[in-house]
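Q: Could you look at this predicted model? Sequence included:
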Amino acid sequence: QLWLRYGSKSAENATGILISNATIPHDVWTRAKFCLAPAGNGWGIRIGISAILNCVPLVAQPNVVQGFEDVLPFDAFSRTIGEGDIAALPKALRSVSA
């Protein structure tokens with residue numbers, strides 16, 4: 001659903017959300033406030049890249065227990081989004097203080 005709603009250049013311009021199936025240049029990442037961390041292989045890599053780029057991870061797998069969840073305060077440095085949050089995502093992200 002994220003790709004269907006926000007996976008186009010016009011969606012990026014209207015919402016400020018960029019979802020791409022191509023490589024995104026690092027200078028674009030460094031301007032990002034949030035970075036998507038969807039379900040699938042490599043979530044640990046995505047959160048590491050987010051940390052390096054000073055980007056808040058958007059965890060798009062709300063029913064999955066994260067590695068080290070018992071010792072890391074994920075709510076303090078990430079946001080979890082579910083399928084029901086997708087339509088209002090731009091407004092919800094704008095409401096989060098940096």
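A: Right, received. Where do you want to start?
Q: residue ranges of the helices in the protein, please?
A: Taking DSSP state H, the helices of the chain run over residues 2-6, 9-15, 26-31, 43-52, 74-77, 89-94.
Q: which strand residues sit across from the residue nearest the centre of the chain in the sheet?
A: Centroid-nearest residue in the chain: L36, 2.2 Å away (criterion: Cα atoms, centre = their mean). Beta-bridge pairing for L36 (DSSP bridges): L58.
Q: on that earlier part again, format the helices of the chain as a markdown table; extra columns: mean neighbour count.
A: Yep, even glycine has a C-beta here, placed from its N, CA and C like the rest. Formatted as a markdown table, the helices of the chain follow (neighbours: other Cβ atoms under 10 Å):
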| stretch | mean neighbour count |
| --- | --- |
| helix 2-6 | 15 |
| helix 9-15 | 12 |
| helix 26-31 | 11 |
| helix 43-52 | 15 |
| helix 74-77 | 10 |
| helix 89-94 | 14 |
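Q: could I get these as CSV with mean pLDDT?
A: Converted to CSV, the helices of the chain look like this (pLDDT from 0 to 100):
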stretch, mean pLDDT
helix 2-6, 77
helix 9-15, 66
helix 26-31, 78
helix 43-52, 72
helix 74-77, 84
helix 89-94, 85
